[in-house]
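**Q** Provided below for reference: sequence and predicted model.
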Amino acid sequence: MTNRKTTWITAVGATLALALGACGGDEPEEANNDGPIVVGISLPLTGDFSEPGKGVQRGYEAWAKITNDKGGLLGRQIELKILDDQSNADRVVADYEQLIGSDQVDIVVGPFSTRLVVPAARVAQEYGMLFVEPAGAAKEVFEQGFKNLFYAAPAVANDHYNHLAEYLLALPEGQKPTTVAYAAMDDPFAQGTAYGLKDKLEAAGVKTVVNEVYPPNTTDFSSIAAKIATSKADMLVGGSQYQDGVNLIVALQQLNYQPKLAAFSTAPTSPEFAAAIGNKTEGILSPTGYTQDAPYESNKEFVEKYTAQFGSPPEEDEANAYTTGQVVAAAITAAGCADQGECQQKLIDWVRTATVDTVVGPLSWDEAGRPKGAHMIQQWVGGEIKIVLPADAKESDLVYPKPAW
Amino acid sequence: MPSGALLFQSVILGLLLGGLYALLAAGLTLYFGIMRVVMIAHSAFLILAAYLAWWSHTELGIDPLLSMLVTVPLFFGCGVLLQRLLLARLRAVTLTMMSVLLTFAIAVVIEGLLGYVFSGTQRRIQLGYGSASLELFGGRIAVVKLIAFGLAGVALAALYLVMKKTTFGWALRATIQHRDAAKLVGIDTDRVAGFGFGLGLATAAIGGTALSLDTTIYPSLHWHWIGPLMAIIVVGGLGSVPGAAAAAMVLGLAQSLLQIELGTTWAQTVFYLALFLTLAIRPQGFFGGRLAQRF
C-alpha cells in the first residue's frame, strides 16, 4: 500500500515538475545572471547512507564557502540547494526533476552512492545538464551511454591499482612476484579493485594460485586464510571494504603467513586500522583516492580551510564532493556561463577535453566519463601510512619485499 | 586435489569451529528439551554477551574473559525471569508455535537496543594475543580459537556434570523426559524449568564471550547464526546436549573441509542440506533424542 502511494506521489510530483519546468523555460534567462549560481544536489542526509551523505554535504559546503570567500564565479555567489533523498533510490529521480524543472537551479551535481548516480544522471541527461558526480566508481555507471556524466575522482575501481601493477611488472625477473592469491568481497566495487590488478598481472604471466570470493557478511576468514597460507603465494591482494580486510589479515597472521607483498583496498587507509590489527601493519599497501598529505596546490588550501570550517580534516567523501565542485567551477569559468539551456552543452564540451587541477591531482576523462587516472598507492612504513606511488607524489620509497607482520 | 598441509590445517580449523558450534548450540537444545520452546532469541543473547565482552574490554580495559563473572549470573537470572514471566504464560497447546513468535520479538528488541546503544558499526575486540598461534605438526592453532574451544569444553563438561550428578540435574532430566511423571514424584517442574532455562541462557553468556574473541560483531549478526544452530540441534536430536555437540563437531568439520573445494558461499549450505536430510530420513536426529517424533 505504502509503495503504491509513493509511486503515485512520485508520478504526480514528476508531472508537476515537468509542467512547472515547461513554464519556467519561458522566462528570459538573462534575468538570472546577476543573482547567485544555484547548485542543486540530492543527498542521503537521513537513513542508511546518512553518514557518508553528510560527509559529501560538508565537502560541497566547504567548496561553496571557499569559492564565495574568493568572490564567487563570474562575479556571482554560489548557493547550494540540497534536498534529502532519505537514502531512497525512488526519491532521487523526483528530487532532480524538482531541482531542474521547478526550482530552476543553474547547475546540478551528483548524489551519493553508485546506485543513485545512474537514475540521477538520466534525469540530468534528459534536460541536457552537465552532471559531474562524486560517487559511482562501478563500471556499470559508464556503460549506460551517458554523454553528460563525469566522475570526479582519480580512477574507476578497476584502475585503482594501476600504479602498483606498473611498478611490479617493471621489477627485474627474479624479484617479480610469481604467484598471487586474491580474496575479494562479493561486491562490484571491492571485486573491481582486486580484479583490475589481477587482469593486468595475469596478462603479464603472473600466476594466480588462489582466487576466493566471500559474501559481504562473512566474519570467519580462517578457511580462506588457510587456503592462502598453504598456497605460499608471493603476494596477496584483498578486495576488501573494512572489517573483512581486518578479519582476513588477523586470520592470516594467526597462520603465520608472510607474503612478500600484501595489498588491500580501503581498509588500510581507515584511521582505526592499525589498532584493529594490533599495530602489525608494516608494509601493507592500499590504493587511495584521497589523502590529506597529497602535494597538490589546491589540496593544501582545502585541508586548511576545511579544518578551520569544520574542526577536523576532510576524508575521502568530503574530498570527492570538493573535487566535483572544482570541476564544475573550472567549466563555468572557462565557458563563461552558468545557466540552464545552451550553456550546459558548452560546459559539457569543455569538460570533455579539459584537464582540471583538483585536490586529487589533474583529472581528465574518456568519452564515457571515466577518469583517466589511477589511485595513489600508500604503504604502512614505520607505523605511518605514506604515499609510495606514483614517483612524483611519493613521501617514502616502496618497501619490497615487505617486512614480516 | 588440495595439498596435505591444507587438509590438515582445515581439519584443525574445523574441529575448533565445531567446538564453538557445540557450545553455541547447547543452550538451544536444552530449551527445547525442557519446554518444547524454540528459542529464536538465543543467538541474539550470544551477540549481546559478545557486545558486553567487547564493551568491558574497550571501556573498562579488562580481559573479555573476566566479563563472564558478571554476564553468566546475569544471563542466568534473565533466563529464569524470561521463563517464569513470559514463556510460562503461553498455552501448552500452542507453546512451540507461539514461542517462536515471542522469542522472535525478543531477538528483534535485543538487536534494536544493541543498534541504539552501540550503533551499527562493526566491532572487534583487539587483544594483545589476537594473532598469536601455536604450531602443531606444521599446522597452526590460533590462541584465541584454542581459548574458545577450551571454554566450550569446560562449559559443556560442567553442564554434563550438573545434568548427571546433581539432584537438580536429575530433576531437570526428569522434567525433560516426562513432565507429568516428574510432577507426580514431587518435582516442582515450574521451578526446575525456570532454572533450566537460566542454565541455557548462561551458556549463551559463555558462548558469546568465546565468539567475541575472534570475530567481528554487529547488531544483526544473530540472524547469521540462528539458522546453522537450529540445523545443528535438529541433526543432533532435539533436546539432546551430547547429540548437539556431536552434530556440531561433524558439521563444523564438514563446513571447513567443503570450503576448500566450494568456497565460503556454498560451504554454508552444508547446514541446510544436513537439516533437510535429517528431516527426510531420520527426523528424531542422528545422535540421540526422541523428541522430534512428537511433531
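**A** Structure received.
**Q** write out the residues of the stretch 251-400 of chain A neighbouring chain B.
**A** Those residues of the stretch 251-400 of chain A that sit near chain B, judged by C-beta under 8 Å from any C-beta of the partner chain, are A:251, A:253-256, A:275-278, A:280. C-betas here are computed from N, CA, C, even on glycine.
**Q** at 7 Å what do you get?
**A** Contacts of the stretch 251-400 of chain A with chain B, taken as C-beta under 7 Å from any C-beta of the partner chain, map to A:253-256, A:275-276, A:278, A:280.
**Q** any idea which of those residues is the one closest to B:T189?
**A** Proximity to B:T189 was ranked across these by C-beta to C-beta; first place goes to A:Q254, at 46.3 Å.
**Q** and the closest one, how many neighbours does it have?
**A** 25 (other C-beta atoms under 10 Å in any protein chain shown).
**Q** that one and B:S131 touch, don't they?
**A** Yes. With contact defined as C-beta atoms under 7 Å, A:Q254 counts as touching B:S131 (5.4 Å).
**Q** still on that earlier bit, quick one: buried ones out of the residues of the stretch 251-400 of chain A next to chain B?
**A** Neighbour counting with 16 or more other C-beta atoms under 10 Å in any protein chain shown marks A:253-255, A:276, A:278, A:280 as buried within those.
**Q** can you pick out the most distant pair from the residues you listed?
**A** Most distant of those, by C-beta to C-beta, are A:L255 and A:A276, 18.0 Å apart.
**Q** now the strands for chain A?
**A** Along chain A, the segments classed as strands by DSSP state E run A:37-43, A:78-84, A:107-109, A:131-133, A:149-151, A:179-185, A:207-214, A:235-239, A:261-264, A:284-288, A:356-358, A:361-363, A:376-381, A:384-389.
**Q** now do chain B
**A** B:133-136, B:139-142.
**Q** any idea which of these gets closest to chain A?
**A** Comparing the strands of chain B by their distance to chain A (C-beta to the nearest C-beta), the top pick is strand B:139-142, with 3.7 Å.
**Q** spell out whether the closest one and chain A are in contact.
**A** Yes. Judged by C-beta under 7 Å from any C-beta, strand B:139-142 comes into contact with chain A through B:140, B:142.
**Q** tell me which strands and helices that strand is in contact with?
**A** The helices and strands touching strand B:139-142, judged by 3 or more C-beta pairs under 7 Å, 6 or more residues apart in numbering or on different chains; DSSP states H and E, are helix B:4-35, strand B:133-136.
**Q** briefly note if the longest one comes near chain A.
**A** Yes. If you take C-beta under 7 Å from any C-beta as the test, helix B:4-35 does meet chain A, through B:5-6, B:9-10, B:13.
**Q** how about those, which pair is most distant?
**A** Maximum distance among the residues of helix B:4-35 next to chain A (C-beta to C-beta): 12.5 Å, for B:A5 and B:L13.
**Q** where does the chain have low pLDDT?
**A** Here I'm looking at chain A. Residues of chain A meeting the criterion pLDDT under 70: A:1-33, A:48.
**Q** oops, wrong one, chain B.
**A** Those would be B:1, B:288-295, if you go by pLDDT under 70 across chain B.
**Q** how about the residues of it near chain A?
**A** Residues of chain B lying near chain A by C-beta under 7 Å from any C-beta: B:3, B:5-6, B:9-10, B:13, B:122, B:124, B:126, B:128, B:130-131, B:133, B:140, B:142, B:215-216, B:224, B:256, B:259-260, B:263-265.
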